[in-house]
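> test case, fold it:
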Amino acid sequence: ALILTATIFNAVVIPLRWSFERQPEAGGSGSSRRNRYVALDSAGDLLLVLDIVLNFQSGYVDKGVVQLDPHKCWRHYANGWFIFDVLAMGPTNWPLVALGYDLGRVWRFPRVVRLLRLESNLARLQMRFISFLHLIRLFKLFLVIFLLIHWTACVYHTIVISEGFGINEFVAPADLEHAPMSLQYLQAVYFSTVSLTGLGSVAGPVTPLETLFALICSCLGFIMFAIIVGNIGEVLAHMHSGMAEFRNKMDFLLQFLESRRIPAHIQQKIVTHYEYLADRQQLQDEREVLDELPGYLRQEISMFLNYETITKVDIFKNVEPGFVNALVLKLEAAIFSPGEYVFREGEIGREMYIISEGEVEIVSGSQVFITLKRGDYFGDVALLLKTRRTAGVRCKTFTHLFSLTKMDLEEVLEDYPEYCNVMLKEAEKKMQERANREKGKKIKMVTSARKKYRDMQTAENNNAAGEQEGGAGATSDSGSLNKGGGGGGRRSRSGSRHGAEAAATAAAAASAGPNGGAAAKGGPQGGKEPVLARPAEAPAPASHHAEADG
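Below is the predicted model:
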């Protein structure tokens, strides 16, 4: 960047000084300005010398291989741009100025020739700042246009000085002869711009020199017009190529949806999905881009993007790198919209998924069990054990997933059969842990139902004891009535206890599963009183069915 800055500085300042700067007088502001120019010239020359030295140590690409050998680098530069760079240095003014001599402004013109290396310098910037590729192209275009206008203005002002101010309408008016250099430069730039673009009117040439200059300006104007139209059109086309493709795809898609009479809410989901892809600049399929690359580059990119993701999966831990490399190449990216199901409960497992970005919910019916985020994975057990999905997965946000199909996994396992049993054991272990967790949950529900039943029975016994104490103080005249009533009361309390027992047992059975209802059959049937000698036996069938359901 410093070398590019020094090159542009010389291309602008050297013609400007040669055309507009008068010979400074000794002392005063002219001498001060001259000292500033000498300092800037010296700094620019030092940068160019440093560039020559560094080029001897800079590597180069030969047949796709970066050569860093010092001897090869020296020979490559010596046979290339070395002679050109030395000649572009020209006579160096600053050592002579230190000795009291000045070669003048004209001797610095060879440094302008360094502009021929502008293309290679900008190419290096483009490779270093790929994300600003379009901006660098626009900068190059505007730089060429500015230098063309600037040099034409300098040549025009030189003609004005040689012929004299105000001798005709083609040259600058006489009142600008003693004006500041900035005003003279603005008038020359205006004349140059109008002559090159043809936008505006200027007086026609009078002298042969003016006529020759006008003809050259006309030819340069045609060239500049072609450069502007061609380059700006190309740059803008590349900058908006993605949006143009998006609009074309959306127009075709909307026509298809309208012709097929797709419902409006589905159309809105599709449009939202494509707008998200356009915002993320992911309209082009990554697989198509990677397929155009050589195998080793495709594998290197896939390893960089997905290696950390695949090694987070438990069943893929503690395996050799070759196995992981083969799996990474099989991963396929997919994007799901909010509310969309990755798979539903009961489906056959043929893929496993790893979350790259976004959130998903593990659901069963209307119940949400857990929310998974970036780095989590799901579907691995069903993939290996050929079981049905025990729950569905629904996207909470726009979600980026990597999927691995059963077919791809089996293809990799053909080359690495020693990992097949290891992965199956890991999946079975995980399945057993999940079953144990479900069993623990259902046992806990049955225990809670038993406790609830005991509390209800204790409350019933306490109420019965209180009523008996109250009946002991009654009069003897109502004894027979109390006996009869007491028997009815006992029967009522006994029935209520048995009803509470049946209700608690039914609740435990219902919590344990659909088959747990069999436990409720211990309640009253056909007017017979239930046996209360073993109240803890009623929930036992529920526990058995809970384990079976798990």
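> what about the stretch 351-500 of the chain, any weak spots by pLDDT?
For the stretch 351-500 of the chain, applying pLDDT under 70 flags the ranges 441-442, 467, 469-500.
> 80 - rerun?
381-387, 420-453, 455, 457, 460, 463-500 (pLDDT under 80).
> and what of the stretch 51-200 of the chain?
Checking the stretch 51-200 of the chain against pLDDT under 80 turns up 59-66, 87-110, 113, 120-121, 123-134, 198-200.
> quick one: the helices in it?
Shown for the stretch 51-200 of the chain, the helices assigned by DSSP state H, counting those that start in this stretch span residues 70-78, 82-89, 93-98, 118-128, 133-163, 181-197.
> between those helices, which one is closest to residue 421.
With Cβ to Cβ, the closest approach to residue 421 among the helices of the stretch 51-200 of the chain belongs to helix 118-128: 48.8 Å. For every residue, glycine as well, the C-beta is placed using N, CA and C.
> could you list the buried residues of the closest one?
118, 121, 122, 125, 126 (16 or more other Cβ atoms under 10 Å).
> strands of this protein, residue ranges please.
60-62, 65-67, 332-336, 341-343, 351-357, 360-364, 367-372, 377-378, 392-395, 399-405 (DSSP state E).
> give me the nearest residue to residue 365, chain neighbours excluded.
residue 345 (7.9 Å; Cβ to Cβ, 6 or more residues apart in numbering).
> actually residue 148, not the one I typed
Setting aside the residues directly before and after it, residue 148 is nearest to residue 224 in space (Cβ to Cβ, 6+ apart), at 5.8 Å.
> sorry, back to before: between the strands of the chain, which one is closest to residue 5.
Among these, strand 60-62 comes nearest to residue 5, with 23.2 Å by Cβ to Cβ.
> tell me the gap between that closest one and the middle of its chain.
Centroid separation between strand 60-62 and its chain, computed with Cα atoms, centre = their mean, to the nearest Å, is 32 Å.
> show me what that strand is packed up against.
strand 65-67 (3 or more Cβ pairs under 8 Å, 6 or more residues apart in numbering; DSSP states H and E).
> can you tell me the strand partners of the strand it packs on and which way each runs?
Taking DSSP bridges as the criterion, strand 65-67 forms sheet pairs with strand 60-62 (antiparallel).
> which parts of the strand it pairs with are buried?
So, applying 16+ other Cβ under 10 Å, strand 60-62 has no buried residues.
> residues near the closest residue to residue 166 other than its chain neighbours, how many?
Nearest residue to residue 166, sequence neighbours excluded (Cβ to Cβ, 6+ apart): residue 174, at 3.0 Å. Residue 174 sits with 11 neighbouring residues when counted by other Cβ atoms under 10 Å.
> including distance to residue 315, could the strands of the chain go into JSON lines?
Formatted as JSON lines, the strands of the chain follow (distance: least, Cβ to Cβ, whole Å):
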{"stretch": "strand 60-62", "distance to residue 315": "43"}
{"stretch": "strand 65-67", "distance to residue 315": "40"}
{"stretch": "strand 332-336", "distance to residue 315": "18"}
{"stretch": "strand 341-343", "distance to residue 315": "18"}
{"stretch": "strand 351-357", "distance to residue 315": "9"}
{"stretch": "strand 360-364", "distance to residue 315": "18"}
{"stretch": "strand 367-372", "distance to residue 315": "17"}
{"stretch": "strand 377-378", "distance to residue 315": "9"}
{"stretch": "strand 392-395", "distance to residue 315": "18"}
{"stretch": "strand 399-405", "distance to residue 315": "11"}
